[in-house]
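Peer 1: Below is the sequence, then the predicted model.
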Amino acid sequence: MPVSLSKGGNVSLSKEAPGLKSITIGLGWDTRATDGAAFDLDASCFLLAETGKVRSDADFIFYNNKTDSANSVEHQGDNLTGQGEGDDEQVKVKLDTVPADVSKLSVAVTIHEADSRGQNFGMVSNAFMRVVNGDTNEEIARYDLSEDASTETAMIFGEIYRNSGEWKFKAIGQGFAGGLGPLAKNFGVNI
Amino acid sequence: MPTLTRGQKVSLANSPSRLQAASSLQAPGLTLDFSCFGVDGNGKLSDDRFFVFYNQKEAPQGAIRLVGDSGFDLDLDRLPTTIQKLVFVVTVDGGGEMSQITRGSFALRSGTQEIARFDFQGSDFGREKAVMIAEIYRRDGWRLAAVGQGFAGGLSAVLKHYGGQEVQQPAPTPVKPTTPPPSAAPPSSSPKISLDKDKALQLKLEKSAPQLVNLSKTLAVSLDKKGLKDIVARVALVLDASGSMTYQYEKGNVQGVVDRIATLAMRLDDDGELDTWGFASRHARLPSVSLANVNGYVKEITKKHSFMSIIGNLGVNNNEPPVMREILQFYWNSPLPAFVVFISDGGVGSSNAIKEVLIEASRYPIFWQFVGLGGSNYGILEDLDTMRGRTVDNANFFPIDDWNRVSDAQLYDRLLNEFPQWLRAAKSAGILR
């Protein structure tokens, strides 16, 4: 029975799935049913040191930089429309190969060309982030963002972080104005 | 009084349950329909009675009432718990798209106090014809969301989106406004929602002018035949009040004309009113014909010593050009096409002056449909098809020798005969959008 998190809540992945080696982070949202400009949502993942910043620009994992130098985090590619059942985008993480000086993975979703298309997260429905056991494909925990979304164009969905030798998942649901560029800058990426 | 941006949500926890939702659009050449979908927890219209629009103006218990064309009175406390969300939909009428609007707004008010508003503009949209502009939904009390997303397929597409079933054929019986039962009755599963404008007019007439119901049915057939079902236009009537017309007034033939053209105006006109003029030696703007005064209209305007008296005040001769000039002045900058029905019983003399007006008017969105009524000597009106010098052919003429021998179907077919061609020509000439 997967754990369901609400905003701010957290769960120990290591406790829920003892011996956990790898996870798949699944992100999803409903494609619009209406006829206006399409939504293109992009998932990204920031490998963060204790300082809350990336160690280098290579720790910014997104559609143009799909894996880190240690090959521990791998972006599964961009889904341009959000169509199809289940996860719209996935990030795979080999937990045991995540470099020791990375203490946190921050997982965000941004809306591509949000300003020119006049779009924001308030218009995206049924967004979620879930963590699946990469070896057994069993869902460990899930966070449904539902109403938390507002008019920001970037959203930190959740965090995977180390805590006393365990890996934990925290539901964040924090909007961020400005989109992917400013978000990356905020995490110390030079762009 | 927050101004919302698209996607934004606010709590209505501190607002009263009785609210007014209003919408406005500035859109040259387009008109607006406003409707409200009360949907269930699955976002579906499981109970048709909570789709409130021009053909069904009130939901059970008076929880949602359409007021005028662009406002709703809401009483959220009267909604059954099965209704989880009210979706407000703006539809552009008259063949337009949302991208053509200049600006628009949705406002939620309590009396004179504005609780929230959402402003939008054409550039927010593309080819959408119907937009879900805002939602009021239950989540820890009621909340309001600015949505601003829609469908190119218009109101039918929205209805489909919410799982409603539209009547495909014109139904033999009209949708009856339901009287609110004490408790929510089980919803009907048969398709019964008609979005048809012909149906809407019929319902209106049944209430206020039942003598025009059959006319409206005949008109619907003609409009369909001529491809004019989705046209919105200004409709005008010019009545010959010269002395020789006296017989036509006394026999009730002019009232017959008024009934038929007023029905046309109620169906096509943006405000449902027929702009009317009378002319003889002089001319005058007459009271507009609407549902409220169509019954007995001619009797009223010809009443002796009435301030509206025309027969006595306008002289006895035919003098078409001045009234035509006034109509040109009235409609030249109309964003909608103007369809002018001009009644004459002949004796048309001022050929050159009439020609001059028609040539000048051909650059503007005005179509002149001259109708000869029981007369002769129609002069230049009989040569309209070959008149040179005009940007587009903007006028047509046909005579009716005996009013009592022309059927309503024939009349509407002939009235609307050249209007569609002119609409196309005026569009390609850039006279109309």
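Peer 2: Received the coordinates, thanks.
Peer 1: show me the residues around the residue of chain A most remote from its centre that make contact.
Peer 2: When distances are taken from the C-alpha mean of chain A, A:Asp35 lies farthest, 27.3 Å away, according to Cα atoms, centre = their mean. Contacts for A:Asp35 (Cβ atoms under 8 Å, 6 or more residues apart in numbering or on different chains) come out as B:126-128, B:150-153, B:157. Every C-beta, even on glycine, is put in place using the N, C-alpha and C of the backbone.
Peer 1: ditto for B:Gly7
Peer 2: Counted by Cβ under 8 Å, 6+ apart, B:Gly7 has contacts A:119-123, A:149-151, B:145-148.
Peer 1: if we can go back for a sec, pLDDT at the residue farthest from the centre of chain A, what is it?
Peer 2: We have a pLDDT of 82 for A:Asp35.
Peer 1: In three-state terms, label it for me.
Peer 2: coil (DSSP: H, G, I helix; E, B strand; the rest coil).
Peer 1: Can you read off the backbone torsions of it?
Peer 2: phi -100, psi 10 (degrees, to the nearest 10).
Peer 1: Among the contacts of B:Gly7, which one sits closest to B:Ala13?
Peer 2: If you rank those by distance to B:Ala13 using Cβ to Cβ, B:Ala145 comes first, at 14.3 Å.
Peer 1: On the three-state scheme, the closest one is what?
Peer 2: strand.
Peer 1: what pairs with it across the strands?
Peer 2: B:Ala145 has these beta-bridge partners by DSSP bridges: B:Lys9, B:Glu135.
Peer 1: list the contacts for the closest residue to chain B within chain A?
Peer 2: Residue nearest to chain B within chain A: A:Gly122 (2.5 Å; Cβ to the nearest Cβ). Listed by Cβ under 8 Å, 6+ apart, the contact set of A:Gly122 reads A:149-151, B:6-9, B:145-146.
Peer 1: so can I have JSON lines of the residues you listed showing pLDDT and distance to A:Gly165?
Peer 2: What follows is the contacts of A:Gly122, written out as JSON lines (pLDDT from 0 to 100; distance: Cβ to Cβ, whole Å):
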{"residue": "A:Ala149", "pLDDT": "60", "distance to A:Gly165": "34"}
{"residue": "A:Ser150", "pLDDT": "74", "distance to A:Gly165": "36"}
{"residue": "A:Thr151", "pLDDT": "83", "distance to A:Gly165": "39"}
{"residue": "B:Arg6", "pLDDT": "89", "distance to A:Gly165": "46"}
{"residue": "B:Gly7", "pLDDT": "88", "distance to A:Gly165": "41"}
{"residue": "B:Gln8", "pLDDT": "89", "distance to A:Gly165": "43"}
{"residue": "B:Lys9", "pLDDT": "89", "distance to A:Gly165": "41"}
{"residue": "B:Ala145", "pLDDT": "93", "distance to A:Gly165": "44"}
{"residue": "B:Ala146", "pLDDT": "93", "distance to A:Gly165": "47"}
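Peer 1: Buried members of the contacts of B:Gly7 into PyMOL, please.
Peer 2: Applying 16 or more other Cβ atoms under 10 Å in any protein chain shown to the contacts of B:Gly7, the buried members can be selected in PyMOL as follows:
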select buried, (chain A and resi 119+120+121+122+123+149+150+151) or (chain B and resi 145+146+147+148)
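Peer 1: Now render the contacts of A:Gly122 as CSV, adding distance to B:Leu219.
Peer 2: Below are the contacts of A:Gly122 laid out as CSV (distance: Cβ to Cβ, whole Å):
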residue, distance to B:Leu219
A:Ala149, 49
A:Ser150, 50
A:Thr151, 47
B:Arg6, 40
B:Gly7, 43
B:Gln8, 44
B:Lys9, 45
B:Ala145, 40
B:Ala146, 39
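Peer 1: need the helix or strand of the chain with the lowest average pLDDT.
Peer 2: You didn't say which chain, so I picked chain A. Lowest on mean pLDDT, DSSP states H and E among the helices and strands of chain A sits helix A:114-117, with a mean of 83.
Peer 1: my bad, the chain I had in mind was chain B
Peer 2: Per mean pLDDT, DSSP H and E, bottom of the list for chain B is helix B:197-208, a mean of 83.
Peer 1: For it, name the packing helices and strands.
Peer 2: helix B:213-225, helix B:253-268 (3 or more Cβ pairs under 8 Å, 6 or more residues apart in numbering or on different chains; DSSP states H and E).
Peer 1: quick check: mean pLDDT across the first one?
Peer 2: Put plainly, it is helix B:213-225. Per-residue scores along helix B:213-225 average to 92.
Peer 1: Residues contacting that helix, please?
Peer 2: So helix B:213-225 is in contact with B:170, B:198, B:201-202, B:205-206, B:229, B:231, B:259-260, B:263-264, B:266-268, B:408-409, B:412-413, B:415-416, going by Cβ under 8 Å, 6+ apart.
Peer 1: sorry, back to before: top of the contacts of A:Asp35 by neighbour count?
Peer 2: B:Gly150 (27 neighbours; other Cβ atoms under 10 Å in any protein chain shown).
Peer 1: Please verify my assumption that that one contacts B:Glu128.
Peer 2: Yes: the pair B:Gly150 / B:Glu128 is scored as a contact, 3.7 Å apart, by Cβ atoms under 8 Å.
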